[in-house]
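J.: got a predicted structure here, sequence first:
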Amino acid sequence: MEKKKIWQASINGDSLIVVGTRSSIFLPFSNLGIIIIDEENDVSYKQEEQAIYNARDMAIVKSKINKSNIILVSATPSIETYYNYNQKKYHLVSLEKRFGKAKNPKINLIDMKYHNGKLFSSNALKIIEKKLREKKQVLILINRRGYAPITLCSKCGEKDSCKYCDINLVHHKSTNMMVCHHCGYTKVLNSDCNSCKRKNSIISLGYGIEKVVEEIKHFFKNCNLVSLSSDTIRQNDFLKTLKEIEDGKIEIIIGTQIISKGFNFLKLDSVFILDFDMWFYNADIRTNEKIFQLTQQVSGRTSRADDTGEVYIQTYDTDSYLLKILKSNNKEDFYKKELALREQGKLPPYKKLVAIILLSKEVEFLKKVSIKIKSYFEGFNHLEVLGPIPAPIEYIKSEYRYRILIKTNQSFLVQNILKGYDFKKILRNKVKVKIDIDPLSFF
């Protein structure tokens, strides 16, 4: 009923302020005055299932059609948005300083090469102990759910993988379950190997948020801590937890990126980033951009009162250009460097990308179809066709996946070609196809 009222009010042109998720962009406003896209760089504006669209980009188009104003808000604008500003397509309004007495935090690097592969460096533990003595709050960021990302047999090396996806199951110690974070498949952890039949041979490798909680409880036995991730927020009274943090009753906050933005914890003094180096291990062309944004966002949780907060990044690569930029807090340097790399690699915003993702249960037929589709698009000028190759995660939800990537500087040309191609004829109901214009994920 409430949805019906909002739709009717937007059609009638009634005075209306709508705070909504990405689907709210489809409301039929008859006198739209302004659209505000908060955190415009957030990848969650892109819907990647069913109808594929980017709500931020559709909002820009909607504002043009409706002749309304639009504001894209972000402390760390996307590369595309920053490029459009440089091209004089957008007008930039900058906030030169933080709100009130808030200062920029000091960024510190902890070189992990001298700490024998431990989860916490001895430096980090000493600093956390000092902060707790001073009655200051600490936030620890670990961008990985569960207890351990890999379990395997210590005798034969067999990994515990999902039966429906080509990916390792994640050990969730709190429930004693093995979970696939792609299809949702679960099973009870078995300490015996199913392959070589050895008893009690299964071990865990790597670490997730549950492992971090375990370690912190070991080193700081009497501290009050809370763990915040998509797995735990549903279980806790979230508003009550936030109030306890604000009141200073929680000493250590351990969270995934869900806690990295939007929260105003005045007693939070320092942030520790544990798995910084692991963020680089993926096939995403926007890796540097996403790491820069996440680090800036989580750093912004501190220094919100009078004191200058501190951020500690544990890393094995202290010479990283990205870390040097983060330490200097020079955003302009990052955008200039990243735009130069994108131009050199012929990547967005200098080129348009179109991903064709093909899915089938019959892998040999999928390969043949992929090659045929590639040969068709190679027949057109101004298109650079890459692939087909198996997706980085080739097998998901009992289907094989192949990817073709098209680069072009003529976006309407490739879309017209896609419209004119008879996919149904070649796919023969054996292959599903997804067309992703301006893809944000490449798994």
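T.: Thanks, I have the structure now. Since we're looking at a predicted model, the values are computed, not measured.
J.: hey, let's count contacts and neighbours off CA atoms from now on
T.: Noted.
J.: quick one: the helices in the chain, in order.
T.: Assignment of helices within the chain using DSSP state H yields the ranges 2-12, 55-66, 79-86, 122-133, 209-219, 238-246, 287-299, 321-328, 331-344, 363-377, 411-420, 423-427.
J.: the fifth one to helix 122-133, inter-axis angle?
T.: Yep, that's helix 209-219 we're talking about. Following axes from the mean of the first three to the mean of the last three C-alpha atoms, to 10 degrees, one obtains 70 degrees for the angle between helix 209-219 and helix 122-133.
J.: alpha carbons only: can I get stretch 184-204 in CSV?
T.: What follows is stretch 184-204, C-alpha atoms only, in CSV (Å, rounded to 0.1, in the frame of the first residue of the first chain):
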residue,chain,number,x,y,z
GLY,A,184,24.9,-20.8,-0.8
TYR,A,185,25.7,-24.5,-0.7
THR,A,186,26.5,-25.7,2.9
LYS,A,187,27.7,-28.8,4.6
VAL,A,188,29.0,-29.7,8.1
LEU,A,189,32.7,-29.6,8.6
ASN,A,190,34.3,-33.0,8.6
SER,A,191,37.7,-33.4,10.2
ASP,A,192,38.4,-36.6,8.2
CYS,A,193,39.5,-36.5,4.5
ASN,A,194,36.9,-37.8,2.0
SER,A,195,39.7,-38.4,-0.5
CYS,A,196,42.5,-40.3,1.3
LYS,A,197,40.3,-41.3,4.3
ARG,A,198,42.9,-40.1,6.8
LYS,A,199,41.4,-39.3,10.3
ASN,A,200,41.6,-35.8,11.7
SER,A,201,43.7,-34.6,8.8
ILE,A,202,41.7,-31.5,7.8
ILE,A,203,43.4,-28.1,8.5
SER,A,204,42.4,-24.5,7.9
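J.: point out the most buried one among the helices of the chain.
T.: Scoring the helices of the chain by mean neighbour count under mean count of other C-alpha atoms under 10 Å gives helix 287-299 as the most buried, with a mean of 18.
J.: Leu266: neighbour count?
T.: 19 (other C-alpha atoms under 10 Å).
J.: pretty sure it contacts Glu246?
T.: Yes. At 7.0 Å, Leu266 and Glu246 qualify as touching, with contact defined as C-alpha atoms under 8 Å.
J.: and Ile36, what does it touch?
T.: Going by C-alpha atoms under 8 Å, 6 or more residues apart in numbering, Ile36 touches Ile70, Ile71, Leu72, Val73.
J.: coming back round to it: how about the helices of the chain in JSON lines, adding distance to Met278?
T.: Written out in JSON lines, the entries for the helices of the chain read as follows (distance: least, C-alpha to C-alpha, whole Å):
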{"stretch": "helix 2-12", "distance to Met278": "42"}
{"stretch": "helix 55-66", "distance to Met278": "29"}
{"stretch": "helix 79-86", "distance to Met278": "22"}
{"stretch": "helix 122-133", "distance to Met278": "18"}
{"stretch": "helix 209-219", "distance to Met278": "14"}
{"stretch": "helix 238-246", "distance to Met278": "28"}
{"stretch": "helix 287-299", "distance to Met278": "10"}
{"stretch": "helix 321-328", "distance to Met278": "14"}
{"stretch": "helix 331-344", "distance to Met278": "20"}
{"stretch": "helix 363-377", "distance to Met278": "31"}
{"stretch": "helix 411-420", "distance to Met278": "34"}
{"stretch": "helix 423-427", "distance to Met278": "38"}
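J.: which one of those lies closest to Asn143?
T.: Proximity to Asn143 (C-alpha to C-alpha) singles out helix 209-219 among these, at 7.6 Å.
J.: which secondary structure elements does that closest one contact?
T.: Using 3 or more C-alpha pairs under 8 Å, 6 or more residues apart in numbering; DSSP states H and E as the contact test, the elements touching helix 209-219 are strand 252-255.
J.: and Thr408, bridged to which residues?
T.: Beta-bridge partners of Thr408, counted by DSSP bridges, are Lys352.
J.: what do you get for Ile389?
T.: When bridges are taken as DSSP bridges, the partners of Ile389 come out as Arg403.
J.: which residues does the closest residue to Val385 other than its chain neighbours contact?
T.: Here the nearest residue to Val385 in space, its sequence neighbours aside, is Ile406; by C-alpha to C-alpha, 6 or more residues apart in numbering that works out to 4.6 Å. Counting by C-alpha under 8 Å, 6+ apart, Ile406 touches Lys352, Leu353, Val354, Ala355, Leu383, Glu384, Val385, Leu386.
J.: tabulate those in CSV, adding columns for neighbour count, distance to Ser270 and pLDDT.
T.: As requested, these are exported to CSV (neighbours: other C-alpha atoms under 10 Å; distance: C-alpha to C-alpha, whole Å; pLDDT from 0 to 100):
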residue, neighbour count, distance to Ser270, pLDDT
Lys352, 20, 40, 94
Leu353, 23, 39, 96
Val354, 20, 41, 96
Ala355, 21, 41, 96
Leu383, 18, 49, 94
Glu384, 14, 47, 95
Val385, 20, 47, 96
Leu386, 14, 44, 96
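J.: now, which of those residues lie within strands?
T.: The subset of the contacts of Ile406 located in strands under the criterion DSSP state E comprises Lys352, Leu353, Val354, Ala355, Glu384, Val385, Leu386.
J.: perfect, I'm done here.
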